[in-house]
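Chemist: Would you be able to build a 3D model of this:
(chains A and B)
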2 protein chains.
Amino acid sequence: MQLDKKSLSSYAAAERQNFENKLREFVEVPSVSADPSRKPDMRRMAELGAETIREFGGEPRIVDTAGHPLVIASFPGEKGAPTVTLYNHLDVQPASRETEPWKTEPFVFTKQGDRYFGRGTTDDKGPALTALWGIRAAREAGVKANVRILWELEEEIGSGNFESAIKGLDKEIATDSVIVSDTIWVSRKQPASPAGLRGLQGFELTLETGRTDQHSGVTGGAARNPLGELIKLVAEMYDATTGKVKIKGFYDDVVPPTKEELKEFANSGFEIKQFMKDHEFKSIRTDDAVDLMKRIWAMPTFEVHGVTGGYHGAGIKTVIPPRGSVKISTRLVPNQDPRKILKLVKEFVASRNPDVKVTSEASMWPYKAPTTGPYADAVRGAMKFAFGREPVFVREGGSIGAVVSMEKVLKAPVMFLGLSLPEHGYHAPNENYDWQQASGGMVAFAKYLEAIGSMSS
Amino acid sequence: MQLDKKSLSSYAAAERQNFENKLREFVEVPSVSADPSRKPDMRRMAELGAETIREFGGEPRIVDTAGHPLVIASFPGEKGAPTVTLYNHLDVQPASRETEPWKTEPFVFTKQGDRYFGRGTTDDKGPALTALWGIRAAREAGVKANVRILWELEEEIGSGNFESAIKGLDKEIATDSVIVSDTIWVSRKQPASPAGLRGLQGFELTLETGRTDQHSGVTGGAARNPLGELIKLVAEMYDATTGKVKIKGFYDDVVPPTKEELKEFANSGFEIKQFMKDHEFKSIRTDDAVDLMKRIWAMPTFEVHGVTGGYHGAGIKTVIPPRGSVKISTRLVPNQDPRKILKLVKEFVASRNPDVKVTSEASMWPYKAPTTGPYADAVRGAMKFAFGREPVFVREGGSIGAVVSMEKVLKAPVMFLGLSLPEHGYHAPNENYDWQQASGGMVAFAKYLEAIGSMSS
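Modeler: Residues are numbered from 1 along each chain as shown, chains lettered A, B, ... in the order given. Have a look, this model is predicted:
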């Protein structure tokens, strides 16, 4: 096999049915890492991942962690050739047809023409398998690189055990570079690779003012209302209309995007109309495209994800609940420090309503990737070859805690070769992936590995 | 049978087992009017109510309404004697051992010494049956009054069909006065009767900014957050620390309690320490007893009962929800008008966040009862006879929509002979009633009917 356009296209076309069969198998294991009752499915997912790698000629191993397992694997190349590690994750977000508007069963793989529906199709099982088919093509073409795989099963819950697990693996996972396929293009027409990721600091505010529900007629006026007090506190923390955080010092360490970066943003193919359509918004906070990109890629956020406590059924139940909590997270940008943000939040809450408890949830550092040098050039070349256009280096608004951990533990640059599109419904109902991205992705990965193989190690 | 203390005490003691058996039957029908799936139980409850009245010599009839049925009944007395109607309700608040800290099954009658646990024991099945035993004693003693019963099954959901149903019954329920047993004393040591009830206006604020959950990394910063915007709006509507409503005009029609009333409040036996213990509060909004009573009886309130939308499970799920709602109610005092309050809320919301929809929930007028004249004197006499002390006339912080409807339709004064105590856990988990209040209540009702029977009609 040759790594020319024609051979790679024939290879992808011939493998389509196999790819779809395998993606079906992967999607139909409901590997929801957030759900404790899915523990057996997480194990099954790791085993299916390992078996699949073995079918492709790799040497897999399931590594137990304090949480869900990791799958690591090696495809030995030429001795002395550079080593590259492909990172993906096999766990998925929760999904429920009862509470969310899924048109198909989320854990049943449903093919509609070139599109594949199901939880995990685009995030991140489809890209994981795409990369695997890319590895096979590269190896069949005699690419020299030593290839490793690192498949995580806790990405969607903040990669809490990932860093300590890979620390313990030492030489078994030593690598010269890492390539991550878990990011989203700006538009189908324009390949994109992130030059940065946002970090995350989640927290929960909890207030308890009593023990049991109380009749609002009998005690209302004298009783404290924990929901009301939490609402007041959150309204003091940020202005939901603009999104502006009012906690002093919150923006101090933000490195705003450079003029050069804003120019790349403007050329990224981003369209407000398409963004609104893809995400099914009725209205948004800005009508300026570059301002919008700054907001989602390069500025921190503050989001309320849910308020617990009280009555959630039909109508109203006129009781005063004894406790409540608010689930909040902030996305962070370089050079914000999640520990400092958590400290600022805790101090703010203590100064406004000291009865409110703050607990820290998922915490991830922001990340800044190289946009020049041989690895960035290899990403540019592979994507241009596969998709016809050089990628723009933009930013990714999401957080991949594992990226920061890999950079730190493996001491290797972490690059991005993402394949997901805005219309794929990341973390949303009716998540999907498509054959155009899968087949192009196989080609891109084969070419990327070829470029790595020809580097001097 | 004589209506002296000794005869009535023996009567109550002899009937204790029968009373407990009947209360068990009533409590074990889960007549939760708010729950549409309980419709068959509501019918069963009405039938059990009617059967029980028939066992006591009354002539019951189940009246269908647009919602749950009513039970009406007549115990004919002497021709030309005054007619008195005893109002209670047989529907109950929702209860769940899974989500609330019930120590016993809420729909299993559990006797512990003199206390009876179960949903509806004190609100209002226990008082309904107590009144029925009072009727029997009065009739056995030859009291002349014509006695009617009006048992509602939609009190806990705002009595939405009550007024139109009783309008249609006309002469069948004509009465000279009404006595309601659905209120709470201030303390076990001091009988109390309300001279006023608060009204209610419930509403729900709903905001939809998209269609589906969105990844906060991908869209966060640009996406509107409906929970955040609702929180901002609610914080603009009231100050949860003090309870003060910030909507202009909200307090305009409030008639503050007179000096005389505040004096009765101060003599009511109310104790902050006991209030906090009874309702299991960790802290409350005031440490002044009279201020507290003003807050719960004589001033309007603003309460958040629940915030729907987003994620309510363990940890955080970092999505931006497409919609949310806040369930709110205000208790109103004489002379506030629920229609005016709803209008003020709607105007306020339209001026601050016009995308938010306001829907009206349960609506009830406040009520002011007579504290002088023959009916008030009859209440004073009956309670003093049964419990050893004259009642204080205070206020009831809760709302009984049916009271306002009865005053309006029956054109008769509505008095209160409540038997519940603060420690009975009205609308709360571990609701209970006790034999002391039940047996005393039987005596009080018998004496009240005697006093009515001797009035000239």
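Chemist: List the contacts of A:G217.
Modeler: The contact partners of A:G217, by CB atoms under 8 Å, 6 or more residues apart in numbering or on different chains, come to A:T318, B:R198, B:L200, B:R331, B:E396, B:G397, B:G398, B:S399. The C-beta positions use only the backbone N, C-alpha and C, and glycine is treated the same way.
Chemist: State the pLDDT value of the last one.
Modeler: Meaning B:S399. Per-residue confidence (pLDDT) for B:S399: 81.
Chemist: On the three-state scheme, it is what?
Modeler: Classification of B:S399 using DSSP: H, G, I helix; E, B strand; the rest coil returns coil.
Chemist: residues near it, how many?
Modeler: Residues lying near B:S399 (other CB atoms under 10 Å in any protein chain shown) number 29.
Chemist: Leaving out chain neighbours, which residue sits closest to A:Q201?
Modeler: A:P338 (4.1 Å; CB to CB, 6 or more residues apart in numbering or on different chains).
Chemist: how about the one you found, what does it touch?
Modeler: When contacts are counted by CB under 8 Å, 6+ apart, A:P338 is found next to A:G199, A:L200, A:Q201, A:L332, A:S363, A:M364, A:W365.
Chemist: show me where the stretch 1-150 of chain A has helices.
Modeler: A:5-27, A:39-55, A:126-140 (DSSP state H, counting those that start in this stretch).
Chemist: pLDDT below threshold where in chain A?
Modeler: Counting by pLDDT under 70, chain A contains low-confidence residues at A:457.
Chemist: quick one, domains of it?
Modeler: A:5-197+A:366-453, A:200-254+A:300-364 (automatic domain parsing).
Chemist: closest point of the stretch 201-350 of chain A to chain B, which residue?
Modeler: A:G217 (2.6 Å; CB to the nearest CB).
Chemist: host element of that residue?
Modeler: Assessed by DSSP states H and E, A:G217 sits inside helix A:216-219.
Chemist: hmm, back to that, which members of the contacts of A:G217 define the maximum pairwise distance?
Modeler: The most widely separated members of those, counting by CB to CB, are A:T318 and B:E396 (14.0 Å).
Chemist: Cross-check the contact I'm expecting between A:M1 and A:E140.
Modeler: Yes: if you go by CB atoms under 8 Å, A:M1 and A:E140 touch, sitting 4.4 Å apart.
Chemist: show me what contacts the residue located most distally from the centre of chain A?
Modeler: For chain A, the residue at maximal distance from the C-alpha centroid (CA atoms, centre = their mean) is A:V218, at 48.3 Å. A:V218 makes contact with B:I184, B:H279, B:I296, B:G397, B:G398, B:P422, B:Y426, B:H427, according to CB under 8 Å, 6+ apart.
Chemist: how many other residues sit next to the closest residue to A:W435 other than its chain neighbours?
Modeler: Closest residue to A:W435 apart from its sequence neighbours, by CB to CB, 6+ apart: A:D114 at 4.3 Å. Each residue near A:D114 was counted by other CB under 10 Å, and the total is 14.
Chemist: list the contacts for the closest residue to A:T219 other than its chain neighbours?
Modeler: Leaving out its chain neighbours, the residue that sits closest to A:T219 by CB to CB, 6+ apart is B:H279, at 5.4 Å. Applying CB under 8 Å, 6+ apart to B:H279 gives the contacts A:G210, A:T212, A:Q214, A:V218, A:T219, A:A223, B:P422, B:A428.
Chemist: swap in A:Y426?
Modeler: A:T122, A:D123, A:I184, A:G398, A:S420, B:H215, B:V218.
Chemist: Can I get the contacts of A:G217 in a markdown table including distance to B:W435?
Modeler: Supplementary listing: the contacts of A:G217 in a markdown table, determined by distance: CB to CB, whole Å:
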| residue | distance to B:W435 |
| --- | --- |
| A:T318 | 29 |
| B:R198 | 30 |
| B:L200 | 32 |
| B:R331 | 32 |
| B:E396 | 24 |
| B:G397 | 26 |
| B:G398 | 24 |
| B:S399 | 29 |
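Chemist: For B:Q274, state which of those is nearest.
Modeler: Nearest to B:Q274 among the contacts of A:G217, with distances taken as CB to CB, is B:G397, at 15.8 Å.
Chemist: From chain A, how far out is that closest one?
Modeler: 5 Å (CB to the nearest CB, to the nearest Å).
Chemist: hang on, isn't that residue packed against A:A223?
Modeler: No: when contacts are counted by CB under 8 Å, B:G397 is not listed as touching A:A223 (10.4 Å).
Chemist: shared neighbours of these two, which are they?
Modeler: Between them, B:G397 and A:A223 share no contacting residue under CB under 8 Å, 6+ apart.
Chemist: Tell me what angle the helix or strand harbouring A:A386 forms with helix A:5-27.
Modeler: Assigned by DSSP H and E, A:A386 falls within helix A:374-387. Orientation check (axes from the mean of the first three to the mean of the last three CA atoms, to 10 degrees): helix A:374-387 against helix A:5-27 gives 100 degrees.
Chemist: And helix A:374-387, what does it pack against?
Modeler: Packing partners of helix A:374-387 (3 or more CB pairs under 8 Å, 6 or more residues apart in numbering or on different chains; DSSP states H and E): strand A:414-416, helix A:435-453.
Chemist: hmm, back to that, with the contacts of A:P338 in mind, which one is nearest to chain B?
Modeler: For the contacts of A:P338, the nearest to chain B is A:L200 (7.0 Å; CB to the nearest CB).
Chemist: Parallel or antiparallel, which strands does the helix or strand hosting that closest one pair with?
Modeler: Element membership of A:L200, judged by DSSP H and E, is strand A:199-208. Sheet partners assigned to strand A:199-208 using DSSP bridges are listed as strand A:323-332 (antiparallel), strand A:357-364 (antiparallel).
Chemist: contacts for the next helix or strand along the chain from the shortest one?
Modeler: What that stands for is strand A:357-364. Once strand A:357-364 ends, the next helix or strand along the chain (criterion: DSSP H and E) is strand A:367-368. The contact list for strand A:367-368 (CB under 8 Å, 6+ apart) reads A:A195, A:G196, A:L197, A:G199, A:P334, A:I400, A:V403, A:V404, A:E407, A:V414.
Chemist: From those, pick the one nearest B:Y87.
Modeler: Looking across the contacts of strand A:367-368 and measuring by CB to CB, the closest to B:Y87 is A:G199, at 61.7 Å.
Chemist: what are the bridge partners for the closest one, then?
Modeler: Beta-bridge partners of A:G199, as defined by DSSP bridges: A:L332.
Chemist: Now do the SS call for the residue lying closest to A:M299 once chain neighbours are set aside.
Modeler: Closest residue to A:M299 apart from its sequence neighbours, by CB to CB, 6+ apart: B:G221 at 5.6 Å. With three-state DSSP as the basis, the three-state label of B:G221 is coil.
Chemist: For A:V71, list each beta-bridge partner.
Modeler: A:I62, A:W151.
Chemist: thinking again about what came up before, how about CSV for the contacts of B:H279, with distance to B:K346 added?
Modeler: Putting the contacts of B:H279 into CSV (distance: CB to CB, whole Å) gives the following:
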residue, distance to B:K346
A:G210, 31
A:T212, 33
A:Q214, 28
A:V218, 28
A:T219, 27
A:A223, 26
B:P422, 35
B:A428, 32
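Chemist: And A:K447, how close does it get to chain B?
Modeler: 27 Å.
Chemist: For that residue, give its distance to B:S96.
Modeler: Distance from A:K447 to B:S96, counting by CB to CB, to the nearest Å: 59 Å.
Chemist: More neighbours: these two, which one.
Modeler: Neighbours per residue, other CB under 10 Å: of A:K447 and B:S96, the larger number sits with A:K447, 25 against 11.
Chemist: can you pull out the strands in the stretch 51-200 of chain A?
Modeler: Using DSSP state E, counting those that start in this stretch, the strands of the stretch 51-200 of chain A run over A:59-63, A:70-75, A:83-89, A:110-112, A:115-117, A:146-152, A:177-180, A:192-197, A:199-208.
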